[in-house]
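Asker: Predicted structure and sequence below. I'll ask about it afterward.
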Amino acid sequence: TPGVVRGNTWFLRNSTSSGVSDVAFAYGDPTDRPVVGDWDGNGSTTPGITRGNTWFLRNSTSSGVSDVTLQYGG
């Protein structure tokens, strides 16, 4: 389903239709690059951000500290 990131605020929708977000939360810094994936293999897509070559990955769609931090890339 669709979602947008404005600055460091994520707005997620639970259906493929117009309307306001079903979930909104802050994660990362405004200049970070948003990424999404199933980081823990449970079948649920959750947010992450990259800052330089450091990845900060969450296992839930909520604010908070990363569940996994790693460096990858140049």
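Answerer: Nice, thanks for sending it over. Quick caveat, the model's predicted, so the values are computed rather than measured.
Asker: residue nearest the centroid of this structure?
Answerer: residue 47 (2.1 Å; CA atoms, centre = their mean).
Asker: Is it in contact with residue 64, as I believe?
Answerer: No: at 10.5 Å, residue 47 and residue 64 do not qualify as touching, with contact defined as CB atoms under 8 Å. (Glycine included, C-beta is placed from N, CA and C.)
Asker: intersection of neighbour lists for these two?
Answerer: 27, 58 (CB atoms under 8 Å, 6 or more residues apart in numbering).
Asker: Just the buried residues of stretch 12-19, please?
Answerer: For stretch 12-19, the neighbour count (16 or more other CB atoms under 10 Å) marks 12, 13 as buried.
Asker: now swap in stretch 40-57 and tell me
Answerer: Buried-residue list, stretch 40-57, by 16+ other CB under 10 Å: 46, 47, 48, 49, 50, 55, 56, 57.
Asker: Let me know the closest of these to residue 20.
Answerer: Within the buried residues of stretch 40-57, the smallest distance to residue 20 is 18.7 Å, found for residue 47 (CB to CB).
Asker: in its sheet, what does the host helix or strand of that closest one sit against?
Answerer: Using DSSP states H and E, residue 47 sits within strand 46-51. Using DSSP bridges, the strands paired with strand 46-51 are strand 33-37 (antiparallel), strand 54-57 (antiparallel).
Asker: now those in JSON lines, with distance to residue 71?
Answerer: What follows is those, written out as JSON lines (distance: least, CB to CB, whole Å):
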{"stretch": "strand 33-37", "distance to residue 71": "14"}
{"stretch": "strand 54-57", "distance to residue 71": "5"}
